[in-house]
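Asker: Have a look at this fold, sequence not included:
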């Protein structure tokens, strides 16, 4: 007789294999786009700064490594949220098995995305290093913790939106529309330090800002970040969103299965 934990582990392992195969081989260009998206973004932003005649340096960090770290970390968070939205509907047929709960594919999708984005980050770091850029983290342990924290934030928010989108489909459209403004307002491509102080105060309500800035501090030893960056604030959001997401899944489990 298997214990509940053994049953859950078997479900997660089967879902993981299913999601990993679908994510990496469902499209012949899957791996290409995972690498091409951040690379093309970096090329475009560097080209824009060159055309404007601006120095490609951030205070305490080189522009290209600074941009690579910020982009890949934001994409880690973004994909955790966006791919969670369709996880329940995409696996609805599996809910005929009582061992599979709606929360399971959401958690597994986030694990798959976390692994894939980590591999992409390592590839980009290796490529940038070979091109002569100083991108190796000055504090590897803190960098890993900050990366893990942004992944957990994406999973926590993903747990919440996976329920909300399943109940009200239009919410998914709003969330997708919000991602581009959030890319800008999180300081991914524009240093927030250059903005007026009264604007920075409002931007600091965004937990992604705190995660990205702590990650960049871990990568670049001399980097000058925003005043008010607080790693604990990011973790308040992680704990709160994860608890709320799990509570919503528990409350609406039967409704999610029935839809």
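Answerer: Nice, I can see it. Predicted, not measured: the structure shown is a model, and the values here were computed from it.
Asker: Contacts only, for the residue nearest the centre of the chain.
Answerer: In the chain, the centroid-proximal residue (C-alpha atoms, centre = their mean) is residue 77; its distance is 1.4 Å. Applying C-beta atoms under 8 Å, 6 or more residues apart in numbering, we find residue 77 in contact with 150, 151, 153, 154, 157, 208, 211. Every residue, glycine included, has its C-beta placed from N, CA and C.
Asker: And the first one, how far from residue 100?
Answerer: Going back to what we said before, that points to residue 150. The spacing between residue 150 and residue 100, counted by C-beta to C-beta, to the nearest Å, is 28 Å.
Asker: More neighbours: which of those two?
Answerer: Taking neighbours as other C-beta atoms under 10 Å, residue 150 and residue 100 compare with residue 150 leading, 27 against 20.
Asker: Residue 222: neighbouring residues, count only.
Answerer: Neighbour count for residue 222, taken as other C-beta under 10 Å: 9.
Asker: cool, residue 89 as well?
Answerer: Neighbours of residue 89 (other C-beta under 10 Å): 15.
Asker: Backbone dihedrals for residue 134, please?
Answerer: Dihedral pair for residue 134: phi -90, psi 90, per degrees, to the nearest 10.
Asker: Now do the same for it: its pLDDT.
Answerer: pLDDT, residue 134: 85.
Asker: quick one on the thing from earlier: just the contacts of residue 77: which are in helices?
Answerer: Among the contacts of residue 77, the members found in helices (DSSP state H) are 150, 151, 153, 154, 157, 208, 211.
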